[in-house]
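S.K.: Here's a sequence, model it:
(chains A and B)
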Amino acid sequence: QQQVKQSPQSLIVQKGGISIINCAYENTAFDYFPWYQQFPGKGPALLIAIRPDVSEKKEGRFTISFNKSAKQFSLHIMDSQPGDSATYFCAASEGGSEKLVFGKGTKLTVNP
Amino acid sequence: NAGVTQTPKFQVLKTGQSMTLQCAQDMNHNSMYWYRQDPGMGLRLIYYSASEGTTDKGEVPNGYNVSRLNKREFSLRLESAAPSQTSVYFCASRPGPAHRYGYTFGSGTRLTVV
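M.R.: Below is the predicted model of the structure:
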């Protein structure tokens, strides 16, 4: 049973465009939703995270939108750059749990 | 540099061989984790250690054992490697269960079992 469903699997965007990656979850006990960025040959690195008491969080060109009623959250990358080309993972965890559950990842390619 | 260090970076094993993947962190984190990453599968938790002296199973523990040697080190052992264990293994750490912060990941060990 996949607890966090991520789409699309791959995404190609032109430089300057907006990249949007979506995730959906079922467990209403989840209360922490991070996004990780992974470059080839490297480990994932925390990009941005949100808690369900806010609907949006922005850090530079990266924004998380959160819809608690729909149990969905998404990552928007504004003004996408070739350097943003990487694999992005959404994740979720619930209070008191040690376990962080990951989506299957989205490979983003930003063409120059 | 502060962070999570994994050794080795690459390893090829024959079916049935054993090996230990090493992980060490120098951030004084309490919690440590082992994940495996397979194409199209995301990251799946193998084992974790919430604090020194404790270990617990994750989503895919079969075929693996772990040891939390001290606060800094958390090793993953494959007793009898199988081709299904071909994967990239990541160690991660975070300050502790009371801290809702992201994990810090190592750079991974790419393991091939032939």
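S.K.: ok, B:T104 - contacts?
M.R.: A:L46, B:G3, B:V4, B:Q25, B:M27, B:H29, B:A92, B:S93, B:R94 (Cβ atoms under 8 Å, 6 or more residues apart in numbering or on different chains). Quick note: C-beta positions are derived from backbone N, CA and C, even for glycine.
S.K.: how about the residues of chain A near chain B?
M.R.: Within chain A, the positions near chain B by Cβ under 8 Å from any Cβ of the partner chain are A:6, A:9, A:32, A:34, A:36, A:41-46, A:49, A:51, A:89, A:96, A:98-100, A:102-105.
S.K.: give the contact list for the residue nearest in space to the middle of chain B.
M.R.: With distances taken as Cα atoms, centre = their mean, B:W34 lies nearest the centre of chain B, 2.7 Å away. B:W34 makes contacts with B:21, B:23, B:45-48, B:58, B:64, B:66, B:74, B:76, B:89-92, as judged by Cβ under 8 Å, 6+ apart.
S.K.: Contacting chain A as well, which ones from those residues?
M.R.: Among those, the residues within reach of chain A (Cβ under 8 Å from any Cβ) are B:L45, B:Y48, B:G58, B:F90, B:A92.
S.K.: Which of the residues you listed sits closest to A:V110?
M.R.: Nearest to A:V110 among these, counting by Cβ to Cβ, is B:F90 at 24.6 Å.
S.K.: didn't B:A92 look like it was pressed against B:G108?
M.R.: No - judged on Cβ atoms under 8 Å, B:A92 makes no contact with B:G108 at a distance of 10.4 Å.
S.K.: quick revisit: so how far is A:Q9 from the residue nearest to the centre of chain B?
M.R.: 25 Å (Cβ to Cβ, to the nearest Å).
S.K.: Helix or strand for the residue lying closest to A:N22 once chain neighbours are set aside, just tell me which one.
M.R.: Excluding the flanking residues, the one nearest A:N22 by Cβ to Cβ, 6 or more residues apart in numbering or on different chains is A:S74, at 4.6 Å. Secondary structure assignment for A:S74, by DSSP states H and E: strand A:72-77.
S.K.: which residues sit against that strand?
M.R.: A:18-25, A:33, A:35, A:47-48, A:50, A:61-67, A:84, A:88, A:90, A:108.
S.K.: In ChimeraX, how would I select the buried members of those?
M.R.: Only the buried entries of these go into this ChimeraX selection, using 16 or more other Cβ atoms under 10 Å in any protein chain shown:
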select /A:19,20,21,22,23,24,25,33,35,47,48,50,62,63,64,65,66,84,88,90,108
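S.K.: Please list the members of the contacts of strand A:72-77 that lie in strands.
M.R.: A:19-25, A:33, A:35, A:47-48, A:50, A:62-67, A:88, A:90, A:108 (DSSP state E).
S.K.: Could you give the average pLDDT over the strand holding A:S74?
M.R.: For strand A:72-77, mean pLDDT is 97.
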